[in-house]
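Asker: 3D, please:
(chains A and B)
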Amino acid sequence: MMKNVIEVRDLVVVRGSREVLPGISLDVAAGVTGLLGPSGCGKTTLMRCLVGAQRVRSGSVEVLGEPAGSPPLRTRVGYVTQAASVYDDLTVVENLAFFARVLGTDPGRVEEAVAEVGLGDQRSQVVGSLSGGQRSRVSLAVALLGAPDVLVLDEPTVGLDPVLRRDLWELFHRIAGAGAAVLVSSHVMDEAERSDRLLLMREGRMIADGSPEQILERTGARDVEQAFLHLVEGQEGAR
Amino acid sequence: MSPRVTLAVAGRVLRQVRRDHRTLAMLMVVPCALISLLWWMFEDLDPQLFDRFGPGLLAMFPFIVMFLVTSVTTLRERSSGTLERLLTMPMGKLDFLLGYALAFGLLAAVQSALAVAVSVGLLGLEVQGPVWLLGVVAVADAVLGTALGLLVSAFATTEFQAVQFMPAFVLPQVLLCGLFVPREAMPSVLEAISDVLPLSYAVDAMQELVGAADTAAVWRDVAVVACFALTALALGAATLRRRTP
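Answerer: Residues are numbered from 1 along each chain as shown, chains lettered A, B, ... in the order given. Sure thing, here's the model as predicted:
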């Protein structure tokens, strides 16, 4: 049994008058875990809880045995938001050099991170002049700087071409291969099969949890999209 | 708090400003142009008036400009997600605030050096006190503007709103700072309000410095301005939340 890197218990999050997460529990171990579900199902809110950016109503969130967002975790958890959180008026390298100084990592990591996301040719370009996909890769590179033990990536492959998407998933597996836990969210179901383990989410709840093969076997579906539909229909039939 | 992170933030802010040539040029040229305009306007009327209004203007530039620049840039940090990202990293809230204050304080020092050089060197402003103290007052004003800008950016959700805080927060202070009507000649309610507005002390410091060589009074005013700035920074720190709803 692998040790859990992330442990969430009975987590309740209310935003405005809406209960976005009505009491969710989950465990994430090392490896690449895909968090899949339609837009608005609470993926981003859950991820914000894991990095300590979200105010929670009740429940507990632990990462690497520490409460989420606590000071010891701030260099060990890498987080990429859905919108690229980088400075548009600085170059790729200037952005990374700044965040590297904040993190206190070796400046040599800057060039490595640039190479890892394949932006070597754009390294001296101002981020504002890059394409959307390139900007989100700069944002990803920032999260890789500190060689974190946990990577929380909110829709990192949205809007990228298939070749880049494949390359990034290979990168996620390489990082996980070195012992890290990588949690990747997506609303595109066909990305699911690239994960070691899948969490299917809908309306703030987990509706399935297992390897892609297990989920397909359990539902008897051809692909994850079918499995998702099958699970949703089963859920509604039970109501 | 760590000096490494504070300096990283300050360096990054300065780099962003340096990249933006137009803003940089405006920051440096506009105060010089306005103070020259003031001098020219009074030239035929009564040159003494320049000595009366000039110091007040020198106090206002760093305050107003840094208030505007800071409120817009920090709002951008909040809305682009870079602030949220930094707060998930090992960055103290004070590192962020002091980094900004340091960067804009430095810019203000250069800006004021230019404006003072033009006023004293070209336009014949007569300063009784030490000229370098004008720079100290200007930097204190700039840090005050930065601190207030950081604070109000928490209450704006768009850049339009942030810019509106300038007439709302800054213009009343300009009107009541004693430049147009001496503060003791105002209706007592307004005088009382003027007493609790930081710009009054900033302008007073400049006027003391130019008119009388009483440096003790200048330092007292600078201390008051610094207290306002520190209070605003502390309140600003309270608006930086690692966890948001």
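Asker: what bridges to the most centrally placed residue in chain A?
Answerer: Centroid-nearest residue in chain A: residue A:153, 2.4 Å away (criterion: Cα atoms, centre = their mean). Here residue A:153 sits in beta bridges with residue A:80, residue A:184, as judged by DSSP bridges.
Asker: for it, what are its contacts?
Answerer: Residues in contact with residue A:153 (Cβ atoms under 8 Å, 6 or more residues apart in numbering or on different chains) are A:79, A:80, A:140, A:143, A:172, A:182, A:183, A:184, A:185. Placement of C-beta: from N, CA and C, glycine included.
Asker: likewise residue A:95?
Answerer: Taking Cβ under 8 Å, 6+ apart as the test, what residue A:95 contacts is A:86, A:87, A:127, A:138, A:142.
Asker: can we see that at 6 Å?
Answerer: A:86, A:87 (Cβ atoms under 6 Å, 6 or more residues apart in numbering or on different chains).
Asker: that one: which element?
Answerer: Counting by DSSP states H and E, the element that carries residue A:95 is helix A:92-103.
Asker: immediately after that helix, which helix or strand?
Answerer: helix A:109-116.
Asker: buried set for that following helix?
Answerer: Under the neighbour-count criterion of 16 or more other Cβ atoms under 10 Å in any protein chain shown, helix A:109-116 has A:109, A:110, A:113, A:114, A:116 buried.
Asker: what's the pLDDT at the most centrally placed residue in chain B?
Answerer: With distances taken as Cα atoms, centre = their mean, the residue of chain B nearest its centroid is residue B:63 (2.0 Å). On the pLDDT scale, residue B:63 is placed at 91.
Asker: assumed residue A:209 was part of a strand.
Answerer: Yes. Judged by DSSP: H, G, I helix; E, B strand; the rest coil, residue A:209 forms part of a strand.
Asker: for it, list each beta-bridge partner.
Answerer: Applying DSSP bridges, one finds that residue A:209 bridges with residue A:199.
Asker: and the buried residues of helix A:109-116, which is closest to chain B?
Answerer: residue A:110 (13.1 Å; Cβ to the nearest Cβ).
Asker: pretty sure the closest one sits against residue A:99.
Answerer: No. Residue A:110 is beyond contact range of residue A:99, at 8.9 Å (criterion: Cβ atoms under 6 Å).
Asker: surely the residue nearest to the centre of chain B is within a helix?
Answerer: Yes. Checked against three-state DSSP, residue B:63 lies within a helix.
Asker: list the contacts for it?
Answerer: Counted by Cβ under 6 Å, 6+ apart, residue B:63 has contacts B:141, B:145.
Asker: about what we covered before: quick one, the helix holding residue A:95 and helix A:109-116 angle?
Answerer: 130 degrees (axes from the mean of the first three to the mean of the last three Cα atoms, to 10 degrees).
Asker: spell out which parts of chain A neighbour chain B.
Answerer: Residues of chain A that fall close to chain B, judged by Cβ under 6 Å from any Cβ of the partner chain: A:51, A:53, A:55, A:74-75, A:79, A:81, A:83, A:85, A:89, A:98, A:101-103.
Asker: for the residue lying closest to residue A:195 once chain neighbours are set aside, what are phi and psi?
Answerer: Nearest non-adjacent residue to residue A:195, counting by Cβ to Cβ, 6 or more residues apart in numbering or on different chains: residue A:34, 3.3 Å away. Main-chain dihedrals, residue A:34, degrees, to the nearest 10: phi -100, psi 130.
Asker: burial of residue A:34, as a residue count?
Answerer: 24 (other Cβ atoms under 10 Å in any protein chain shown).
Asker: in contact with it, which residues?
Answerer: Counting by Cβ under 6 Å, 6+ apart, the residues that residue A:34 touches are A:184, A:192, A:195, A:198.
Asker: up against chain A, what does chain B have?
Answerer: Within chain B, the positions near chain A by Cβ under 6 Å from any Cβ are B:5, B:8, B:12, B:16, B:19, B:81-82, B:84-85, B:88-91, B:243, B:245.
Asker: and residue 209, how many neighbours does it have?
Answerer: I went with chain A, as the question did not name one. There are 16 residues near residue A:209, going by other Cβ under 10 Å.
Asker: try again with chain B
Answerer: 27.
Asker: from memory it sits against residue B:216, does it?
Answerer: No. Shown here, residue B:209 and residue B:216 do not form a contact pair, counting by Cβ under 6 Å, at 11.5 Å.
Asker: about what we covered before: least confident of the contacts of residue A:34?
Answerer: residue A:192 (78).
Asker: excluding its backbone neighbours, what's nearest that residue?
Answerer: residue A:224 (4.0 Å).
Asker: so what pLDDT did the one you found get?
Answerer: 85.
Asker: same question, the one 5 residues further on
Answerer: Looking at residue A:229, its pLDDT is 87.
Asker: if we can go back for a sec, now the two most distant members of the residues of chain B next to chain A.
Answerer: B:19 and B:245 (33.8 Å; Cβ to Cβ).
Asker: neighbour count: these two, which is higher?
Answerer: Neighbour totals were compared for residue B:19 and residue B:245, and residue B:19 leads with 15 against 10 (other Cβ under 10 Å).
Asker: list the contacts for that one?
Answerer: Neighbouring residues of residue B:19 by Cβ under 6 Å, 6+ apart: residue A:89.
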